[in-house]
Structures are given as structure tokens and as C-alpha cells.
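# Show me the folded form of this:
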Amino acid sequence: MDNLGLPRALTRLLPATLCWLGCNTPEAVAPPAPTPAEPVSTTPTSLGTEGAAGWEGAARGYESDGPMGPAGERGERPGGQRPGGRPGMGQAGMGGREAGGPGGRGPGAGQDGVAPGGPPGGRPGGTRPGGGPPGGGMGGGSGVSPLQIVYNNSRAVVRTTDGALVTAWTDRGQSLIRRTGADGKSTETTVAASGGASVAIESDGGDLLVAAWTSGTPTGMNAMVSTDGGRSWSAPARIPTGSGPSQPTLRVWRSGTQVAAVAAWHEGGRGGPTQVYSSSLSGGAWSAAQRIDTGTAEAAFPSVGGKGDTTWILWRDNRSGGRELWSATRTGTTGAFTGERATGLQGMDPSLCVDGAGTLHLGFHKMQQVWYAQSADGGSVWGAPVQLDGSGLFARMLCGASSDRLAVVWEDMLQNGNQMDDANKTLGLAVSTDRGRSFRDLDPIQRKVSQILPSAFLGADGTIDLFWVDKASTQLQVQSVRPW
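Numbers count the residues shown, from 1 in each chain. A predicted model of the protein is given here:
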């Protein structure tokens, strides 16, 4: 998550008919939990490129007129992964703090295209079929995918009370929200036609939704609200930010008869450390940005959670010389966050949720291991962290309507914690039925994938909806699991 360069999508998510299969049930983490029923899972949705886009054939091709640019500097993941002719992407390393440098421009004309324009469209009716003629350059090889869903401290999938699945993603600069009903019919909302960087959604557990996205020049942030489960949305409203805000992390709830929401993000980092900010929706308008951290070192990647009118923001902070997790809180729909304090936990990319009893639950990673911790007193004192199974990154913490049910979802690295080995990853899932006293590890998709940045939602009925990127098949995928 220190990788500030964001991937983007080659395809768009399409609805699909789901079928059923069983999932493995590994042993519980001590103390032992009662043996649960065999979990039930759907197979992942895995569909082709939408006909309207395809790869745009000769109109886009690969637009290459030279060799591949060099790798970006200081990133563990090489930059310059798109063909030469355009500057390389210069994507930041997964553990690096700085973006990679730009790839060099190829000095001469590229060879004749040797890769096809793209696969056939994944559904009929596209305005331009996929499968165009070869592009004009060498082809993308293992280039950076144009796919993007938000990181683990934000959310990209929710389910409404009528069973509709609402997902959000960005495809080649176009930010999209799709609502797929229980009948398989979909409606799609384009929130940014171009220049979109990230789009996040959140719900109150029912039909009240908020969506926020970054886009524009200079980069800013916009948001909109739905009170009917994503069937309709309010007009976009600007969230006041500085230059270059990160993806938003969100919370939305009803305070009496009013809709209230909080967005948090970090910004800065060019010539100085990043800082954490928030804005609140109250009375139909978003407030001026408020800085949350007060340190002089880097503060980044906030996560928001809450119960009733009380909201917590938790973030990674380097003011003590290490990657510590800090928090602040507020009761009410407006005003300052106070009580800034160190949690005593060290780690990265925190994901916070609050259960119905008001207990704070936190997922994070440290040294490429996934950890869980909780606080029963509003964040004043945190219990000792518990390491979950396997090597992984980007833990997403999930609290259900039942205070007993918890889940953690993450990107699981199968081969000695090698985060660069995309051929040996899967989606990790651990569940608890005793408020986090023990966890049971599952293998929800039962296969290897080149998957990044899983998002998830735990519904009131206990269904966990998983949403992730599979770089190998260049597709967004969804899957539902009932592990209890």
C-alpha cells in the first residue's frame, strides 16, 4: 500500500450466473473454536471484455513506437512496464516510499504489431466489437494493467437489502459504479468519464450509500449519496481537498433524520511528509478539510469506522521513527477529531471496523504477515495483536450485523512471502464467531490467481461478498461465501 502508483482495469465487471461448491475448512487458531458447518461458496465470476470497449483495435492498438522504457527508480515493482514510445509508468514499489522514475522513450519506430488488438467482447451489443486488428507496436507483454479498485482501507463492494451487489472500479481513467440486482440485471453510473484515479463506496449496512472518487486537474475529490441502494444518486458534490489527495476512505450513517458521512484521505508527500485529513457531510454539504494528525513525520492511509454518532479514524504514522498506528475520535456529525493517540501497535495499511457492541476491530499487515487486534474501550487500550495464517498484504477488516461475526480478507502470498510473484497468490480469508477470540482460516477460491487488492463486504445474513482483480485473466471478479 506504500505503492502510490495505482493499477487500472483492462476489462469491466459483468454480471454472471453463479453456481455452488464447498470450501476447505482448515483447523481453528487457538483457542479452538467449535467445528462449524462446511462453508458454502460460489465460483468466481470471470467474464471477458465488454464489446463496447474491446481493446479498441487499430484505433488504439498498443501505441508503441520504440522499445520498453527502463524500470522506475527505488520501487520494488519495476516501472516502465508499458512499451516505449510513451513514457514508462514508473510505478512505485510495493514497499517503496517514492514512485518509480519515468521510463525512457523509444528512439525509433516500433516493429509491426505482433499482438492482437484484444480478445472478443465479453457480451453482445457493444458499440464496437473487441478483437481489433494488431496494434501498431510490439504489444504490452507484462505491462501495467489499467485496472484499479481501491486499497484495503477503503471499500469497492457493498450489498443492499434487496440483494443487489454494488461495485466500484476505474477502467482506463473512467470511474464506474455498477448495481447488479438479484435478477442479474445491471445499471451502470459513470462518475468520472476521464481522469478518474480511484472510486470508493460505503454503506450503513442497508440502502444508504456514499461514493467518493478522485479525479480532475488539479486532482480533487467528489462525492454523492444514494438513499435507495444505488438505484439513484445525488448530484456530485465537491469535497474540499488540497492537491493530490489519496483514495478516500468513507463512513455513512443516519443521525436522526439526517444523512451523515465522513471521508478521510492523505495528501502531500512532494517536498514534505504526507498528512491525514477529513471532511464531514452534514446538512447536505461537505465541510472544509480538517487535518487529523499533528506530527511532523509522514502520516498516511487512514481508515474510518464508527457506531452511532461516534467516529474513529486510524492511520499509519512515522513520527516515532517506526510505522506506528495512531487514532483519533469524534462524537457528533461535525467538529474536530480529538484524543489523538498511539495505539501501541506497529504495522501498515490499517483497516478498521466497529461492531454493534462498540468494540473496535483492526486488520493490518506487518513484515508481510496479516495481524488482528481489538479494543473494547473505544481505542484507549488495544489488546495484543494476533497473527493470522500465511503471508499477506492489504487486510480488509469486516464486522457483521451480529457482534460475534468477524472476518479478515487479504492478498495471500503462497511462495515464501514473495509479493512480486503474481503467479503464486490467492485470496486469504479468516473468520471468527466469538468476537475475535479465535479465527478459522479458509481457502475461499481454492486456486491460485494473480490477484491484487481484494475488497469485501459482510452482509447482515452472514454472506461475504469478495471482489478482486485477477491480473492473469485481466478481469475483475466477484464471489460470495457463507463460512459460518
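
# List the beta-bridge partners for residue 290.
Following DSSP bridges, residue 290 is listed with bridge partners residue 278.

# Around the residue nearest to residue 238 when sequence neighbours are not counted, count how many other residues there are.
Excluding the flanking residues, the one nearest residue 238 by Cβ to Cβ, 6 or more residues apart in numbering is residue 222, at 5.8 Å. Bear in mind the C-beta positions are built from the backbone N, C-alpha and C, glycine included. Counted with other Cβ atoms under 10 Å, the neighbours of residue 222 add up to 22.

# How about the one 4 residues further on?
Residue 226 has 24 neighbouring residues, counting by other Cβ under 10 Å.

# who's the residue nearest to it when sequence neighbours are not counted bridged to?
Nearest non-adjacent residue to residue 226, counting by Cβ to Cβ, 6+ apart: residue 209, 4.3 Å away. Counting by DSSP bridges, residue 209 is bridged to residue 203, residue 226.

# Residue 209 contacts residue 166, correct?
Yes - with contact defined as Cβ atoms under 8 Å, residue 209 and residue 166 form a contacting pair (6.7 Å).

# re earlier: so how far is residue 222 from the residue nearest to residue 226?
Distance, residue 209 to residue 222, using Cβ to Cβ, to the nearest Å: 15 Å.

# mind listing what residue 334 touches?
280, 282, 287 (Cβ atoms under 8 Å, 6 or more residues apart in numbering).

# Let me have these in JSON lines, extended by pLDDT, neighbour count and distance to residue 371.
Shown next, in JSON lines, are these (pLDDT from 0 to 100; neighbours: other Cβ atoms under 10 Å; distance: Cβ to Cβ, whole Å):
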{"residue": "280", "pLDDT": "97", "neighbour count": "25", "distance to residue 371": "30"}
{"residue": "282", "pLDDT": "92", "neighbour count": "17", "distance to residue 371": "34"}
{"residue": "287", "pLDDT": "96", "neighbour count": "18", "distance to residue 371": "33"}
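
# What is the nearest of the residues you listed to residue 372?
residue 280 (28.5 Å; Cβ to Cβ).

# mind listing what the closest residue in space to that closest one that isn't next to it in sequence touches?
Spatially, and ignoring its direct neighbours in sequence, residue 280 is nearest to residue 287 (4.8 Å; Cβ to Cβ, 6+ apart). The neighbourhood of residue 287, defined by Cβ under 8 Å, 6+ apart, consists of 240, 279-281, 334.

# Output those residues as TSV; include the columns secondary structure.
TSV is the format used below for those (DSSP: H, G, I helix; E, B strand; the rest coil):
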residue	secondary structure
240	coil
279	strand
280	strand
281	strand
334	coil
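
# from those, which is closest to residue 392?
For the contacts of residue 287, the minimum distance to residue 392 (Cβ to Cβ) is 31.4 Å, reached by residue 279.

# The closest one contacts residue 237, correct?
No - applying Cβ under 8 Å, one finds residue 279 not in contact with residue 237, separated by 10.3 Å.

# Those two: who's more crowded?
Using other Cβ under 10 Å, the more surrounded residue of residue 279 and residue 237 is residue 279, with 24 against 15.

# List the strands paired with the strand or helix carrying residue 456, with their directions.
Assessed by DSSP states H and E, residue 456 sits inside strand 451-458. Applying DSSP bridges, strand 451-458 is found paired with strand 464-470 (antiparallel).

# Next secondary structure after the strand it pairs with?
strand 475-482.

# do you know how far the residue nearest to residue 226 is from residue 155?
Applying Cβ to Cβ to residue 209 and residue 155 gives a distance of 10 Å.

# which residues are in contact with both of these two?
Common contacts of residue 209 and residue 155 (Cβ under 8 Å, 6+ apart): 201-202.

# quick check: mean pLDDT across the lengthiest strand in the chain?
Ranked by residue count under DSSP state E, the longest strand found in the chain is strand 386-399. Across strand 386-399, the average pLDDT comes to 90.

# That strand: what's the following helix or strand?
For strand 386-399, the succeeding helix or strand toward the C-terminus, using DSSP H and E, is strand 406-413.
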